[in-house]
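Colleague: model the following, please.
(2 chains)
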Amino acid sequence: MKSKERLYPLFFLTPLFLIIIIFWLYPFLYEVYLSFLNIDLYKPFQKIEYVGLENYIKIFKDPNFGSVVYVSIVYTFLFTIGQILAGIGIALILKRLTNRFIKSVLISPFAISTTVVSLLFLWMLQPEYGIISYFWYLLTGSRLLWMTNGTAALFVTIIGYTWKYFPLKALIFLAALEGVPISLYEAAKVDGATSIQTFFNITLPSIKPTFSIVVLLSIIQGSHCFDIIYIMTSGGPAMATTNYVIYLYQTMFQYHKVSYASALSVILLVVEMVLAIFYLKMLKVKE
Amino acid sequence: MIEKRSTKYFYNIIVGLVVLSVAFPLYWMIYTTILPKNDIYLSPPRIIPSSINIDGYIKIFAERPVVNWITNTIIVGIVTVMFSVPPAVLGAYAFYRFNFKGKGVLFNMLFILMIVPSAVLLVPFYQLLSSMKLTNNLLGLSLVYTVFTVPTNTVLFYSFLFSIPHAIEEAALIDGCSIFGSFKKIILPLSIPGIVAISVNSLSLAWNEFLFAITLLNKPTTWTAVCGVYSFIGEWTLMWDRAMIVSVYFTIPMIIFFFLTQKYFIAGLTAGALKGV
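Modeller: All right, here's what the predicted structure looks like:
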């Protein structure tokens, strides 16, 4: 009986871990293996051989790598700030709202696929007929030519991504706000605190653990953004919006440097895993 | 709450502006689809339409293989659900019900796999699937989606299991029911909402995922809806009204799904998922 009981977990876990081993672990090991070779489909006559860490060394000598990392960091940083500000702001609004329809509208962007969001923002920002371009023209008197301006192009993709993802953050903040004891607010009111004082001295400290979780979640999301950038700018103009994942994609599917792309992927994987472990630790601290 | 009247006005104006800026893109998406052809390409844009024209919603079916795109998406979604839900349900139950060596480590590993983005495995998946002739194949894409939803589904379902009162299962076991019997007769029937939630999670990945869909599916007959929407970008004259109509069709099911299962989405992404490990 005892030994049989020990087999139960094994029975229930086998299908799950078969999938993980065959479709996650195996491709991962294959990727590491590829990263030690010299496969480059633009050099079909090159003999494929083991080159050790050469691909990894090449990454740090790559003239584009600095710019790619810089764009990724700026993108992630601005995206995270946007998520925090929009997240807290909209959570505060959601907390006081009673109208269910408006509540639903406020969180609806999350249900729209990023592909549609990208297309929609492209349309609204279309230089001649786009509605946002028109408002921009009314406000500033000049045309919004973001497609040829690197900084503007980066901002535009960040705005689209922020619009798509803030509802999730707002809902996470809302759950935290609702956990703050009402007695704290009542005490503050008795003491005559203004609403701004209450926000900084009661609300913010109470939701601090959630705050760090949202920061990390946003960093993870921002660091691997692909779809909106690819659809709106394809990494241009002149690499101004080429972040890490876009560069990885181009290396693989435009320049067909399979092994080099594998090395890039392995590095991305390590970075994302470290972030994920931090995220997990933070959730445990909060518990 | 006693507040100054001016503060209240100020607050309402802010809320109004926020709601407007969130809702405006959605409004504009639908608005573009009901404009008559001549009203779309106007500078300055027309805020109020001269007349309403919804013919596009019918015509689009003749112009683009929308039905084909949606069918492909549904096939990929269903296959992904079939592959990813049963292992997740069984696995989550093991974490919930039993104590075994390495339980904490394994669960943490699943959680990390849930967070790590799928882009990190793009290269080996593309290489392996093309060597197996599984690119341009809906099954190949479903396999990719399976591995990227299984960890999430397990974690989500695990947190769902805690909402089932422990006493019900205990009673069945005391009455002589086996573990398999109680799993089948007690746990499964009670966890239908949880199964629905994780199925929706898999479906929504199949519905939204972009990177693997555009790299693995190059043949137009195999395109899923995402590829279809994206295909408008490459054209000489981008037909914005048509692109927006496809977007609307494509968004409606997601909105419905989302509002049905909202609470599970958030439970999975935040602390709720880590109870008891």
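
Colleague: shaky segments in chain A?
Modeller: Along chain A, segments meeting pLDDT under 70 span A:1-3, A:287.

Colleague: centre-most residue in it?
Modeller: Centroid-nearest residue in chain A: residue A:221, 1.6 Å away (criterion: C-alpha atoms, centre = their mean).

Colleague: the helix or strand where residue A:216 lies close to chain B?
Modeller: Taking DSSP states H and E as the definition, one finds residue A:216 inside helix A:208-223. Yes: if you take C-beta under 8 Å from any C-beta of the partner chain as the test, helix A:208-223 does meet chain B, through A:213, A:217, A:220. Bear in mind the C-beta positions are built from the backbone N, C-alpha and C, glycine included.

Colleague: residues in contact with that helix?
Modeller: With contacts defined as C-beta atoms under 8 Å, 6 or more residues apart in numbering or on different chains, helix A:208-223 is touched by A:72, A:75-77, A:79-80, A:83-84, A:87, A:161, A:165, A:169, A:172-173, A:175-176, A:204, A:244, A:271-272, A:275-276, A:278-279, A:282-283, A:285-286, B:115, B:117, B:269-271.

Colleague: mind running it again at 6 Å?
Modeller: If you take C-beta atoms under 6 Å, 6 or more residues apart in numbering or on different chains as the criterion, helix A:208-223 is touched by A:75-76, A:79-80, A:83, A:87, A:169, A:172, A:176, A:275, A:278-279, A:282, A:286.

Colleague: can I get those in CSV including neighbour count?
Modeller: Below are these laid out as CSV (neighbours: other C-beta atoms under 10 Å in any protein chain shown):
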residue, neighbour count
A:75, 22
A:76, 21
A:79, 22
A:80, 22
A:83, 25
A:87, 26
A:169, 28
A:172, 22
A:176, 23
A:275, 20
A:278, 15
A:279, 21
A:282, 18
A:286, 15
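
Colleague: how close does the residue nearest to the centre of chain A get to residue A:159?
Modeller: Taking C-beta to C-beta, to the nearest Å as the measure, residue A:221 falls 15 Å from residue A:159.

Colleague: with residue B:94 instead?
Modeller: 44 Å.

Colleague: residue B:17 too?
Modeller: Note on residue B:17: its distance to residue A:159, by C-beta to C-beta, is 16 Å.

Colleague: immediately after the top helix by length along chain A, which helix or strand?
Modeller: Among the segments of chain A that qualify as a helix by DSSP state H, the longest is helix A:65-96. For helix A:65-96, the succeeding helix or strand toward the C-terminus, using DSSP H and E, is helix A:100-107.

Colleague: pLDDT weak spots in the stretch 151-277 of chain B?
Modeller: Across the stretch 151-277 of chain B, the ranges flagged by pLDDT under 70 are B:236, B:262-277.

Colleague: would you tell me which helix is longest in chain B?
Modeller: Identified as the longest helix of chain B according to DSSP H is helix B:66-97.

Colleague: hmm, who's touching stretch A:245-262?
Modeller: Contacts of stretch A:245-262 with the rest of the structure, by C-beta under 6 Å, 6+ apart, involve A:31, A:34-35, A:37-42, A:55, A:68, A:224, A:226, A:229, A:235, A:264, B:119, B:123.

Colleague: report the buried members of those.
Modeller: With neighbours counted by 16 or more other C-beta atoms under 10 Å in any protein chain shown, those contain buried members at A:31, A:34-35, A:37-40, A:55, A:68, A:224, A:226, A:229, A:235, A:264, B:119, B:123.
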